[in-house]
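J.: Whatever this is, show me its structure:
(one chain, ligands or ions: 2)
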Amino acid sequence: MPVFQIAPANEITVKNLLTAFESESNAHAKYSVYAERADSDGLHRAASLLRAIAHSEQIHAYNHACVIRKLGGDPEAQLQTVEVKTTLENLTAALGDEAYEIDSMYPRFLVENRRTDNSAARTLTWALEAEKTHARLLGEVIMQMEAGGADPPTDTSVKFYVRPVCGYVSRTPEPERCWACDRFCARFEAIR
Ligand SMILES: [Fe+2]
Ligand SMILES: [Fe+2]
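T.: Ligands and ions are numbered 1, 2, ... in the order given. Coordinates of the predicted model:
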């Protein structure tokens with residue numbers, strides 16, 4: 001990944017943000033394809049969730065890119081070919097990716113961040129907290145499907161709500177201050 005005009009003190013943070021940007025960009029692309037597969041399987045509820053999470057990942061990628069540019073970097077992502085399996089397998093793979101980001105990638109990047117202003121810490125923390133909502137909602141739909149709760153002939157799309165600042169995803173438009181980004185979000189993006 002190319003790195004331009006970056007102060008030595010920011011090199012690790014920019015390198016990590018570039019890795020996170022690539023991960024978020026690939027997650028956006030992958031979940032969008034998974035959503036199409038879920039729709040074609042008649043699993044529209046899972047498709048709605050995957051679309052909402054895909055949008056959230058795009059927000060994370062955008063937030064990371066803004067900080068990368070601010071620190072003199074050039075956000076570029078190599079998009080991988082998406083391997084599409086059954087929707088249950090795709091959801092399980094997505095949950096594994098979320099777990100990696102929650103348990104390993106973002107905590108390490110936060111520890112390694114040495115920036116004294118809070119822009120890098122903020123975008124990393126917002127993504128970390130939003131990934132937890134992704135993992136929780138993916139886990140719920142996987143459990144429903146494994147228990148036989150997803151009935152393709154009657155499974156319908158549902159709205160999920162995405163906070164446009166941090167990418168927090170919820171089933172309802174929660175009006176209170178967002179605990180993930182500590183901002184008031186009067187507006188949510190409803191994704192179906
Ligand atoms: Fe993300
Ligand atoms: Fe995520």
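J.: Quick check: residues of this structure near ligand 2?
T.: When proximity is defined as C-beta under 5 Å from the ion, the chain approaches ligand 2 at 98, 131, 134. The C-beta positions use only the backbone N, C-alpha and C, and glycine is treated the same way.
J.: of these, closest to residue 76?
T.: residue 131 (22.2 Å; C-beta to C-beta).
J.: Give me the buried positions along the helix or strand encompassing that closest one.
T.: Element membership for residue 131 (DSSP states H and E) is helix 119-146. Neighbour counts over helix 119-146 (16 or more other C-beta atoms under 10 Å) mark 119-135, 137-138, 141-142, 145 as buried.
J.: Tell me which helix or strand comes right after it.
T.: Per DSSP H and E, the helix or strand that comes after helix 119-146 is strand 160-162.
J.: Any residue of the very next helix or strand once past that following strand touching ligand 1?
T.: Next along the chain after strand 160-162, taking DSSP H and E as the criterion, comes strand 169-170. No. Judged by C-beta under 5 Å from the ion, strand 169-170 makes no contact with ligand 1; its nearest approach is 10.0 Å.
J.: what about strand 169-170, distance to the chain center?
T.: 11 Å (C-alpha atoms, centre = their mean, to the nearest Å).
J.: Which strands border it, and is each parallel or antiparallel?
T.: When pairing is defined by DSSP bridges, strand 169-170 lines up against strand 160-162 (antiparallel).
J.: what mean pLDDT does the strand it pairs with have?
T.: Strand 160-162 shows a mean pLDDT of 95.
J.: Now do the contacts for the residue nearest in space to the middle of the chain.
T.: The centre of the chain sits closest to residue 57, judged by C-alpha atoms, centre = their mean, with a distance of 3.3 Å. The contact partners of residue 57, taken as C-beta atoms under 8 Å, 6 or more residues apart in numbering, are 24-25, 27-28, 31, 167.
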